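*Asks:* Provide a 3D model corresponding to the input given below.
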Amino acid sequence: MSEDRTLQSDVMRELERDPAVDAAHIGVSVRDCAVTLAGKVSSYDERVHAVKAAERVYGVRAIADELEISVPRSHARDDSAVAEAIAHALRWNDEVPDTVEAEVSHGLVTLRGEVDWPVQAEQAKHVVQGITGVRGVTSAITVTPRPTVPDLRKRIGEAFGRAADLDVRRIRVTLTGTTVRLDGEVRSLREAEMAVNAVAAAPGVTAVDNRLSVVP
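*Replies:* Numbering: from 1, shown residues only. Got it, this is the predicted structure:
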């Protein structure tokens, strides 16, 4: 089909434009707008860029990634060396929190841990995929939103429901990292417990420092 031939030409051109891809070693075939990439690349990072380049081409409906990673002998690394390089790269990247850890098995990397924002998980994956010796990256990172003071105040108010004579503004909320401190006054131990439970249930909160005073 002429459409497939045009699409093949467009994909090859896009691969050649990407500076992270050596298009000379990549073959492109197209059938019914489904693209197959075959050949050899020097790293997992190049493989990712090649697939993304094909995805950018208008008209591509599916991509079969049959690219083989061929690492030069001079750059070959065992899992221990790869893990060490990953640990170093993550440690020196300010955008990735130290809660992220990596496991390496036969060059395949699994990322685990918790982060506050999706972009941090993406950055961790981006850092790792560029390391020599990595053959694949799977992200099992959990994104746990960081709590905010307005949200915590709202939760306290909802926990107390329609207690008309309760002034939630008498409760001060201070957030340090993922630890919340509650100061102020409540009418009973039950209300103090309700406030603590409401805050503790908020996503991202790891500890609650209860300094509330009971004033009947």
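*Asks:* going forward, measure contacts between C-alpha atoms and count neighbours the same way
*Replies:* Noted.
*Asks:* in the chain, which spans are strands?
*Replies:* For the chain, strands defined by DSSP state E occupy the ranges 26-31, 34-41, 62-69, 101-105, 108-115, 136-143, 171-176, 179-186, 207-214.
*Asks:* who does the first one pair up with?
*Replies:* Sheet partners assigned to strand 26-31 using DSSP bridges are listed as strand 34-41 (antiparallel).
*Asks:* quick one: the strand it pairs with to strand 62-69, angle?
*Replies:* Counting by axes from the mean of the first three to the mean of the last three Cα atoms, to 10 degrees, strand 34-41 points 10 degrees away from the direction of strand 62-69.
*Asks:* how far away is the residue nearest to Leu152 when sequence neighbours are not counted from Thr206?
*Replies:* Closest residue in space to Leu152, ignoring its immediate chain neighbours: Val199 at 5.9 Å, by Cα to Cα, 6 or more residues apart in numbering. Taking Cα to Cα, to the nearest Å as the measure, Val199 falls 10 Å from Thr206.
*Asks:* the more surrounded of those two?
*Replies:* Counted by other Cα atoms under 10 Å, Val199 and Thr206 do not tie: Val199 has more neighbours, with 27 against 13.
*Asks:* show me what contacts the more buried one?
*Replies:* Applying Cα atoms under 8 Å, 6 or more residues apart in numbering, we find Val199 in contact with Leu152, Arg155, Ile156, Val180, Val205, Val208.
*Asks:* residues of stretch 41-55 that come out buried?
*Replies:* Buried residues in stretch 41-55, defined by neighbour count with 16 or more other Cα atoms under 10 Å: 41-51, 53-55.
*Asks:* need the longest helix for this protein.
*Replies:* In the chain, taking DSSP state H as the definition, the longest helix is helix 2-17.
*Asks:* give me the angle between that one and strand 34-41.
*Replies:* Going by the same axes, to 10 degrees, helix 2-17 is angled at 30 degrees with respect to strand 34-41.
*Asks:* quick revisit: for the buried residues of stretch 41-55, work out which two are farthest apart.
*Replies:* In the buried residues of stretch 41-55, two members sit farther apart than any others by Cα to Cα. They are Ser42 and Glu55, at 20.0 Å.
*Asks:* which one of the buried residues of stretch 41-55 is nearest to Thr6?
*Replies:* Using Cα to Cα, the buried residues of stretch 41-55 come closest to Thr6 at Ala54, 13.2 Å.
*Asks:* near the residue lying closest to the closest one once chain neighbours are set aside, how many other residues are there?
*Replies:* Spatially, and ignoring its direct neighbours in sequence, Ala54 is nearest to Val11 (5.5 Å; Cα to Cα, 6+ apart). Using other Cα under 10 Å, Val11 is surrounded by 27 other residues.
*Asks:* hmm, Val11 is touching Val57, no?
*Replies:* Yes - counting by Cα atoms under 8 Å, Val11 touches Val57, with 6.2 Å between them.
*Asks:* so what's the residue found closest to Ile141 once you drop the neighbours it is linked to in the chain bridging to?
*Replies:* The spatial neighbour of Ile141 that comes closest, neighbours along the chain excluded (Cα to Cα, 6+ apart), is Arg112 at 4.6 Å. Applying DSSP bridges to Arg112 yields these beta-bridge partners: Glu101, Ala140.
*Asks:* select, out of the strands of the chain, the one closest to Glu193.
*Replies:* strand 207-214 (9.1 Å).
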